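Chemist: what follows is a predicted structure for the sequence shown.
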Amino acid sequence: MKRLVSNILLIAVFCFSLASCNQAQKMIDGAEQIVIKCNPEVLEVVAGNIDANVSVTFPPEYFLPKATLEVTPVLLYVGGEEVGKPFVYQGEKVTDNFKTVTKNGATISEKVHFAYKPGMEKSELVGRAKVYYKGNEYEYPADIKIADGVNTTYMLASTDGSYHYMPDGYQEVIPETAEAQILYLVNSAEVRNSELKSNGIKDFQDALKALDGDSRRAVKGTEIVAYASPEGPEALNNKLSANREKSASKAFDKITKKLNTGDVSSRTIGEDWEGFQELVNNSNIEDKELILRVLSMYSDPNVREREIRNMSSVYKSLETNVLPQLRRARFITNVEYTNYTADELADLVENNIDVLDEPALLRAASNAKNIDSKIAIYKKAVDKYGTDKAKYNLGVAYLDKGDNAAAKAAFDKIAKKEGNCYYNVMGVVAMRNGKYDEAAQWFAKSTCKHSKINQGALDILNGKYDDAAAKLAGTGDENEAIAYILTNQLDKASAAIKGNGPCCNYKKAIIAARKGDVNAYNAAMEIVKKNEKLAERAAKDVEFLKFR
């Protein structure tokens with residue numbers, strides 16, 4: 001009798017379990033009735049994170065009142081999987097503290113989050129579901145597809161940084177002058193013989209003669225300029241200056257016979273207030289500051305002269321030491337000196353470096369045909385002159401080479417550690433080393449255009465795509481097109497791409513894929529495939545999912 005009762009109980013338990021199983025199985029079998037939507041539809045990495053909103057809609061009469069459903073989001077990718085925080089739902093007769101689904105159904109929103117790992121660019125977000133019903137656990141036989149992933153387009157942004165070399169200051173053509181003057185007696189336009197025989201005139205003649213045998217110097221013309229000292233009536237002085245122009249021109253012809261002076265022009269200045277101010281400023285005259293103040297206060301020549309004459313204590317000194325030097329005519333021959341060519345600079349660096357000043361050395365470095373030669377010349381400039389400019393340009397050359405440690409070492413030796421250029425390159429070093437917060441602090445100190453471009457790069461890395469597009473607009477930087485792609489401004493992105501290499505065509509392929517332009521996509525991808533690394537990326541890139 002006991003055995004019969006026991007068997008009856010076992011049968012009852014089995015039937016109860018079977019009934020429970022059948023009811024739970026109905027939920028599992030009806031899984032296709034559940035509508036799952038993901039925003040974005042294709043997962044995207046933003047600033048190293050993968051975040052999405054998932055909405056789950058249960059139809060009416062689907063959820064058992066006493067059941068609990070656990071859905072675990074899992075990101076599957078080549079090389080592994082990442083398990084997210086489970087979503088747990090309960091029927092209306094369950095007393096736990098999960099999200100409740102009534103017999104009328106429900107739509108519930110969830111958030112998923114994963115930290116990006118390499119390999120996730122070709123992945124799939126799925127849900128793994130389990131039903132808990134009357135003390136039993138029932139697994140859904142297959143993963144529930146939620147979304148494809150993961151878009152990593154922002155990672156195409158370059159972190160090489162934007163920067164520039166300091167100008168070398170080298171002049172390919174240097175303007176020079178050969179100059180002499182003749183002095184006149186007060187109120188006279190007559191040229192005295194003693195003036196034509198002065199040492200200044202002889203030196204001028206010798207300088208012109210030397211130009212004939214100088215292959216680097218070319219005479220561009222000569223100007224004769226006549227003046228009058230600022231004393232007496234202005235009209236009289238203007239006439240006197242004009243007469244001195246005529247007599248000076250005749251004297252010039254006499255002293256420059258058979259000499260190359262180029263085209264000769266002449267002009268008259270009148271009262272030489274500019275020369276007066278310069279002579280007074282460079283003199284030791286008592287109360288010179290008072291004289292200079294008068295010149296700054298008054299523009300009328302008559303008022304100036306009156307006020308200065310009223311300074312009786314100093315006027316006599318002006319009559320003796322200043323005014324006689326302003327009764328003059330100047331002969332100014334303009335000459336152009338042609339500096340060393342690129343080939344000459346390269347030869348001098350190797351064979352006679354001591355004749356080169358710093359601008360010449362820096363120009364030789366900028367002309368160097370390879371980066372190692374450039375660095376070697378900048379090192380010589382640092383050794384010879386030790387200026388901050390040379391150290392800065394050496395550091396920039398190391399940046400060009402990709403040697404960030406050597407670049408920082410060069411920048412650290414700069415004496416004056418401030419200024420837009422310095423702040424910017426220090427930010428570039430930090431950005432290249434992945435220290436984005438430090439880089440942002442450096443760039444914030446600088447107002448140069450390169451820092452703004454670099455801030456745009458950081459904005460892309462931080463997921464601030466609109467800010468990046470605003471900063472990079474019209475810069476021509478390689479990240480400009482990336483910013484426009486990320487903000488879906490595809491026409492602007494196309495216009496911002498200037499080159500036709502594999503990297504540029506990768507961007508063109510993304511634009512074409514987003515527009516659904518098959519021909520443009522195929523044309524761009526033909527060039528992309530020539531770069532092994534980019535071709536490998538393209539094979540996994542979800543941007544091209546619909547073309548695979």
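Modeler: Received the coordinates, thanks.
Chemist: in the stretch 1-150 of the chain, which spans are helices?
Modeler: 2-29 (DSSP state H, counting those that start in this stretch).
Chemist: can you list the low-confidence ranges for it?
Modeler: 1-21 (pLDDT under 70).
Chemist: can you show me the strands along it?
Modeler: 35-39, 42-46, 49-58, 67-77, 80-83, 87-91, 99-101, 106-115, 123-133, 136-139, 144-151 (DSSP state E, counting those that start in this stretch).
Chemist: let me know the secondary structure of the most centrally placed residue in the chain.
Modeler: Most central in the chain under Cα atoms, centre = their mean is His450, positioned 2.1 Å from the mean C-alpha point. Assigned by DSSP: H, G, I helix; E, B strand; the rest coil, the conformation of His450 is helix.
Chemist: where's it relative to Asp477, distance?
Modeler: 9 Å (Cβ to Cβ, to the nearest Å). The way it works is simple: take the backbone N, C-alpha and C, and place the C-beta from them, glycine included.
Chemist: overlap of the contact sets of these two?
Modeler: Common neighbours of His450 and Asp477 are listed as Ser162 (criterion: Cβ atoms under 8 Å, 6 or more residues apart in numbering).
Chemist: ends of stretch 423-442, what's the gap?
Modeler: 5 Å (Cα to Cα, to the nearest Å).
Chemist: need the residues that contact that stretch.
Modeler: 159-163, 392, 395-396, 399, 404, 407-408, 411, 443, 445-446, 448, 450-451, 454-455, 457-458, 461-462.
Chemist: repeat that for 6 Å
Modeler: Residues from elsewhere that reach stretch 423-442 (Cβ atoms under 6 Å, 6 or more residues apart in numbering): 159, 161, 163, 404, 407-408, 411, 443, 445-446, 448, 450-451, 454, 458.
Chemist: wait, which of those is closest to Thr100?
Modeler: Leu458 (44.3 Å; Cβ to Cβ).
Chemist: residue contacts, that closest one?
Modeler: 436, 440.
Chemist: what pLDDT is listed against it?
Modeler: On the pLDDT scale, Leu458 is placed at 98.
Chemist: would you list the phi and psi of it?
Modeler: With angles defined as degrees, to the nearest 10, Leu458 sits at phi -60, psi -40.
Chemist: any idea how far it lies from Lys117?
Modeler: 22 Å.
Chemist: what of Gly499?
Modeler: For Gly499 relative to Lys117 (Cβ to Cβ), the value is 31 Å.
Chemist: so can I have a markdown table of the strands of the stretch 1-150 of the chain showing distance to Thr338?
Modeler: Formatted as a markdown table, the strands of the stretch 1-150 of the chain follow (distance: least, Cβ to Cβ, whole Å):
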| stretch | distance to Thr338 |
| --- | --- |
| strand 35-39 | 67 |
| strand 42-46 | 57 |
| strand 49-58 | 60 |
| strand 67-77 | 64 |
| strand 80-83 | 67 |
| strand 87-91 | 79 |
| strand 99-101 | 83 |
| strand 106-115 | 62 |
| strand 123-133 | 64 |
| strand 136-139 | 86 |
| strand 144-151 | 57 |
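Chemist: what bridges to the spatially closest residue to Val35 that is not a sequence neighbour?
Modeler: What sits nearest to Val35 in space, not counting adjacent residues and going by Cβ to Cβ, 6 or more residues apart in numbering, is Thr57, at 4.1 Å. Beta-bridge pairing for Thr57 (DSSP bridges): Val35, Thr107.
Chemist: again, but for Glu179
Modeler: Counting by DSSP bridges, the residues bridging with Glu179 are Ile332.
Chemist: got any ranges where this protein has weak pLDDT?
Modeler: 1-21, 312.
Chemist: domain map for it?
Modeler: 2-151, 173-338 (automatic domain parsing).
Chemist: which of the ones you listed sits closest to Asn351?
Modeler: Asn351 sits nearest to domain 173-338 of all the domains of the chain, at 18.5 Å, using Cβ to Cβ.
Chemist: straight-line length of that closest one, end to end?
Modeler: Taking Cα to Cα as the criterion, the two ends of domain 173-338 lie 5 Å apart.
Chemist: and for Leu236, the neighbour number?
Modeler: 13 (other Cβ atoms under 10 Å).
Chemist: then it would be within a helix, right?
Modeler: Yes - Leu236 sits within a helix when classified using three-state DSSP.
Chemist: report the separation between it and Pro230.
Modeler: 12 Å.
Chemist: what does Ala406 give?
Modeler: 61 Å.
Chemist: cool, Met297 as well?
Modeler: In terms of Cβ to Cβ, Met297 sits 15 Å off from Pro230.
Chemist: and the two? Which one has more around it.
Modeler: Pro230 (24 against 10).
Chemist: that one belongs to a helix?
Modeler: No - judged by three-state DSSP, Pro230 forms no part of a helix; its state is coil.
Chemist: isn't it up against Glu274?
Modeler: No - counting by Cβ atoms under 6 Å, Pro230 stays clear of Glu274, with 9.8 Å between them.
Chemist: hey, what's in contact with both of those two?
Modeler: By Cβ under 6 Å, 6+ apart, no residue touches both Pro230 and Glu274.
Chemist: what's the local residue count around Leu279?
Modeler: 18.
Chemist: now it: which helix or strand?
Modeler: Assigned by DSSP states H and E, Leu279 belongs to helix 273-281.
Chemist: residue contacts, Gly221?
Modeler: Contacts of Gly221 by Cβ under 6 Å, 6+ apart are 262-263, 334.
Chemist: top of these by neighbour count?
Modeler: Going by other Cβ under 10 Å, Asn334 tops the contacts of Gly221 with 17 neighbours.
Chemist: for the nearest residue to that one once chain neighbours are set aside, which residues are in contact?
Modeler: Nearest residue to Asn334, sequence neighbours excluded (Cβ to Cβ, 6+ apart): Lys220, at 4.5 Å. The contact partners of Lys220, taken as Cβ under 6 Å, 6+ apart, are 262, 334, 336.
Chemist: same thing but 8 Å
Modeler: Contacts of Lys220 (Cβ under 8 Å, 6+ apart): 262, 334-336.
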